[in-house]
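Trainee: my questions are about this predicted structure, shown below with the sequence.
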Amino acid sequence: MPAPHMGQITSENQFHLAERAGLVSRIRNEYEDVCELPPALAAKQKTAAAARRKKPRQEESESATAKMIEGIPQKSDTNEGSSTALAVRKSNTPFNSNTPQKGSLPSSSLVRRENIHQPKPEWHAPWELMREVISGHLGWVRALAVEPNNQWFASGAGDRTIKIWDLASGSLRLTLTGHISTVRGLAISPRHPYLFSCGEDKMVKCWDLETNKVIRHYHGHLSGVYTLARHPTLDVLVTGGRDGVARVWDMRTRSNIHVLSGHKQTVSDLTCQAGAEPQVITSSLDATVRLWDLTAGKTMGVLTHHKKGVRALTQHPIEWTFASGSTGSIKQWKCPEGAFMQNFEGQNAIINTLSLNEDNVLFSGGDNGSMSFWDWKTGHRYQSLDTTIQPGSLDAESGIFASTFDKTGLRLICGEADKTIKIWRQDPEATPETHPLEWKPTLGRQRY
Amino acid sequence: MSPISNSLAKALPKPKYTGENEELPSHIQSKGPRILGAGALDETQVVLKRTGPPAYGQRAGWRPRSAEDYGDGGAFPEIPVAQYPLDMGRKSSATSNALAVQVDANGKVKYDAIARQGHNDKRIVHASFKDLIPLRQRSDVGEISLNRPSEEEVAAQTQKTKDALEKLVNGAVAAQKPKSVQGITRSDATYVRYTPANQMGDVTRKNDRIMKIMERQKDPLEPPKFKHKKIPRGPPSPPPPVMHSPPRKLTAEDQEAWKIPPTVSNWKNPKGYTVPLDKRLAADGRGLQDVAINDKFATLSESLNTADRHARQEVQQRAVMQQKLAERERMEKEDQLRMLAQRAREERSMAGRRESYATSYSRSRESFSIFV
């Protein structure tokens, strides 16, 4: 209530003020709930009032009080932000007609409505298989990595070789032999002429791409090494494997800086990011994702939302978010604190691999050969298909083990169980008219 | 009483000291309730439970032991023992490890304190239901920023990490170097000039002495004096709260689907079990594969059949045609013959008309024609 100027107070004015204060307090205390008509009734009354407008007013004596009531200032709502509700809902419509809320009428609709605003997903062109299917490996293709200049990519397979392919033509450039078991992870450094590889033979190798020879071994894993990532800015390599630990290696001295232990089962995938913690994120078959503080070598947090082993992990190239995939569920997380952002629902398969490009397309490849393309922002699946296995393979050999977008994000490279590498691209002729977005906002209650 | 002891008692003088009204020394006095045997208890004896301290003046040798001994009062200053009336000041022997209840700003109990126990405050612990709700639908988060940290922050953190890792690497590298083996290198000796001070009031001048201080030589091959002992592990940190629903129960059909029959070999049975015939057949694997015949076999035989039929038809048609041709040829020949005969007959008839002048010739001609 605005305070009047002290100098202007006269006795008559004081009386008036006191009366007004009394009225204000009374109205606030007693008529707060009925101060405003519910929107439905208000609309009805407005139409009625329009019809009655012609009638002259008689109540002149009441006008002073009425004026006073009109002049009551709006109460500033102080506890606006401190709602205890967990989920955001539009305030003027009740979400549940069984519980009448203060200030809102029980809705007349019979159906309980979910009022969470669902954003419309972005349109992406559908993906199609490019002409060439590279079938040069003699085993499952389990690891893929694209060179920073986007000229070639490397693939590691169950035939114990690493092959380097031309990205444009798909021709074989080089075959590196040296692993004595399946090659499970590859990484190419943009700052050194190095290729890092790890395999089920417990070995982590550093290849010099100028001489095409192994120049370093990182010895220490007690069992097969399943995944590897290099730090974007530091000369540090992180590997994880079946012994349930992630090891941080110094590239040059080959010394094991940290042993990130805490997982109870195989570390299936890991990613590294520069800058703020967590700099290392690992996923494991014990159904947890761990965020690591690389400086201290300690766990920062554990995400236990998944129900089954998490096999895939990927990071957004621009946003500070990441995704993790386990059997039948892909989840998106916000980075520094690992806050759960959303689910990608629909692919009921063991998710072996996830890839994400800058155009907010998330690709997930399943163990049964199912592929799904998702809109990253909304979690909408805009395309789902199965791979075509190369002729001569069994039905059981349709499965996607590794995938990566190239550096431009316009080509998707998939390593598969039918021993081929397939390259996908977006349909160049597709437009939103030819391939309209199939999206309906869901009406049902969402389960979390 | 026996008569001997009676007479003895009479003969002897009455004892001066009976010991009846003497107080027992304090260490013999019974402290708690008296314990009486079953025979000692009779109607005349009434045992009263005594609570509270004995009356003032009767406390020699008495010590308060239980909380009851204090009555409602405090400690007895005249009794020189440690006293804890109402257990005040007594140190509890077992410290409880129960967590104190903590509340947040709204006065709600912070249950995640259990999950945070033993971790530092930077630890990320998701423990409440709201952590299961997608971030954009949560009411308490407000604006969400998905930006990566700024350049300066990244640079600072990178430098920090680099320093920390470098330290570790240097430590690891130094440990591998042979320099760290003890006893190989000896630091240089240091020389100290020592001037004795006044000792015990002796103020006479004394000579300076120069001392050489050097490290005692160590045997580099000496086995370590102290055995490295493994320290038992500390208690583990609390497990992270599980943020998903419990797994579904296995249904009957699921169980059925996971039932894998034991392997039965037709060639090996080292323990000599009797294997039922149906198990053997099931293990045989012959019935499991359904024979798949390529469609092309059917099309091949079909096309062979049609080709065969086609060929047969053609042959038949050709035969019919040939028959017809032969027939026609025969007919033609017959016709020709018939024509010849007719012509001959006509000629003969012509000759009959000319018989008037050449009968003999025509007869001979007819007979000739017949034989031709």
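Mentor: Received it, and whenever you're ready, just let me know what you need. The shown structure was predicted, so the numbers you read here are calculated from the model rather than taken from an experiment.
Trainee: quick one: least confident helix or strand in chain B?
Mentor: For chain B, the helix or strand with the lowest mean confidence is helix B:355-371, at a mean of 51 (criterion: mean pLDDT, DSSP states H and E).
Trainee: show me what the residue nearest to A:Glu147 when sequence neighbours are not counted is bridged to.
Mentor: If the residues on either side of it in the chain are set aside, A:Glu147 comes closest to A:Ile188, at 5.3 Å by C-beta to C-beta, 6 or more residues apart in numbering or on different chains. Every C-beta, even on glycine, is put in place using the N, C-alpha and C of the backbone. Beta-bridge pairing of A:Ile188 under DSSP bridges involves A:Leu195.
Trainee: residue contacts, A:Ile188?
Mentor: Contact criterion C-beta atoms under 8 Å, 6 or more residues apart in numbering or on different chains gives A:145-148, A:154, A:194-196 as the residues in contact with A:Ile188.
Trainee: apply 10 Å and report the result again.
Mentor: A:Ile188 makes contact with A:145-149, A:152-154, A:164, A:194-197, A:207, A:209, A:230, according to C-beta atoms under 10 Å, 6 or more residues apart in numbering or on different chains.
Trainee: got it, and A:Thr253?
Mentor: When contacts are counted by C-beta under 10 Å, 6+ apart, A:Thr253 is found next to A:216, A:235, B:169-170, B:172-173, B:176.
Trainee: now do the phi/psi pair for A:His16.
Mentor: Backbone torsions of A:His16, given as degrees, to the nearest 10, read phi -60, psi -40.
Trainee: now do the same for it: its pLDDT.
Mentor: pLDDT, A:His16: 78.
Trainee: and it, how close does it get to chain B?
Mentor: In this view, A:His16 and chain B are 42 Å apart by C-beta to the nearest C-beta, to the nearest Å.
Trainee: what do you get for A:Leu356?
Mentor: 13 Å.
Trainee: okay, helices next: where are they in the chain?
Mentor: No chain was given, so I picked chain A. Secondary structure of chain A (DSSP state H): helices located at A:11-30, A:39-52, A:63-70.
Trainee: nope, chain B
Mentor: With helices called from DSSP H, chain B shows them at B:3-11, B:113-116, B:151-176, B:252-257, B:277-284, B:295-353, B:355-371.
Trainee: okay if I get those helices as a markdown table plus distance to chain A and mean neighbour count?
Mentor: Below are those laid out as a markdown table (distance: least, C-beta to the nearest C-beta, whole Å; neighbours: other C-beta atoms under 10 Å in any protein chain shown):
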| stretch | distance to chain A | mean neighbour count |
| --- | --- | --- |
| helix B:3-11 | 89 | 9 |
| helix B:113-116 | 10 | 16 |
| helix B:151-176 | 3 | 14 |
| helix B:252-257 | 15 | 9 |
| helix B:277-284 | 22 | 12 |
| helix B:295-353 | 16 | 11 |
| helix B:355-371 | 85 | 11 |
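Trainee: reformat the ones you listed as a markdown table; add distance to B:Arg136.
Mentor: Rendered in a markdown table, the data for the helices of chain B read as follows (distance: least, C-beta to C-beta, whole Å):
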| stretch | distance to B:Arg136 |
| --- | --- |
| helix B:3-11 | 109 |
| helix B:113-116 | 25 |
| helix B:151-176 | 25 |
| helix B:252-257 | 36 |
| helix B:277-284 | 55 |
| helix B:295-353 | 55 |
| helix B:355-371 | 125 |
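Trainee: A:Met203 touches A:His219, doesn't it?
Mentor: Yes. Shown here, A:Met203 and A:His219 form a contact pair, counting by C-beta atoms under 10 Å, at 7.7 Å.
Trainee: between the two, which is the more surrounded one?
Mentor: Remark: of A:Met203 and A:His219, A:Met203 carries more neighbours, 20 against 11, as counted by other C-beta atoms under 10 Å in any protein chain shown.
Trainee: residues in contact with the nearest residue to A:Pro432 once chain neighbours are set aside?
Mentor: Counting by C-beta to C-beta, 6+ apart, A:Trp123 is the residue found nearest to A:Pro432 once chain neighbours are left out, at 4.9 Å. With contact set as C-beta under 10 Å, 6+ apart, A:Trp123 has these partners: A:375, A:382, A:430-432, A:435-437, A:439.
Trainee: again with A:Asp286
Mentor: With C-beta under 10 Å, 6+ apart, A:Asp286 has these contacts: A:244, A:262-268, A:302, A:304, A:306, A:308-310.
Trainee: do that again at 6 Å, thanks
Mentor: A:263-265 (C-beta atoms under 6 Å, 6 or more residues apart in numbering or on different chains).
Trainee: between the residues you listed, which has the most around it?
Mentor: The most crowded member of the contacts of A:Asp286, judged by other C-beta under 10 Å, is A:His263 (23 neighbours).
Trainee: any weak-confidence spans in the chain?
Mentor: Going with chain A. When residues are selected by pLDDT under 70, those of chain A lie in A:1-12, A:34-35, A:49-117, A:443-448.
Trainee: please go with chain B instead
Mentor: In the prediction, chain B carries residues with pLDDT under 70 at positions B:1-3, B:5, B:18-50, B:93-94, B:178-185, B:284-289, B:355-372.
Trainee: domain assignment for it?
Mentor: Per automatic domain parsing, the structural domains of chain B span B:1-26+B:44-88, B:100-140, B:305-358.
Trainee: against B:Gln199, how distant is whichever residue of the stretch 201-350 of chain A sits closest to chain B?
Mentor: Closest to chain B within the stretch 201-350 of chain A is A:Gly301: 2.8 Å, counting by C-beta to the nearest C-beta. Applying C-beta to C-beta, to the nearest Å, the value for A:Gly301 to B:Gln199 is 67 Å.
Trainee: more neighbours, those two?
Mentor: For the pair A:Gly301 and B:Gln199, the greater number of neighbours falls to A:Gly301 (22 against 9), based on other C-beta under 10 Å.
Trainee: that one is in contact with A:Glu337, isn't it?
Mentor: No. With contact defined as C-beta atoms under 6 Å, A:Gly301 and A:Glu337 do not form a contacting pair (7.1 Å).
Trainee: mutual contacts of these two, please.
Mentor: Contacts common to A:Gly301 and A:Glu337, judged by C-beta under 6 Å, 6+ apart, are B:Ile124.
Trainee: thinking again about what came up before, among the helices of chain B, which is nearest B:Tyr191?
Mentor: helix B:151-176 (29.8 Å; C-beta to C-beta).
Trainee: so what's A:Trp127 up against?
Mentor: Contacts of A:Trp127 by C-beta under 6 Å, 6+ apart are A:373, A:424, A:426.
Trainee: and what of B:Lys160?
Mentor: Neighbouring residues of B:Lys160 by C-beta under 6 Å, 6+ apart: there are none.
Trainee: and it, how far is that from A:Val245?
Mentor: Distance of B:Lys160 to A:Val245, given as C-beta to C-beta: 24 Å.
Trainee: same question, B:Lys230
Mentor: Applying C-beta to C-beta, one obtains 19 Å for the distance of B:Lys230 from A:Val245.
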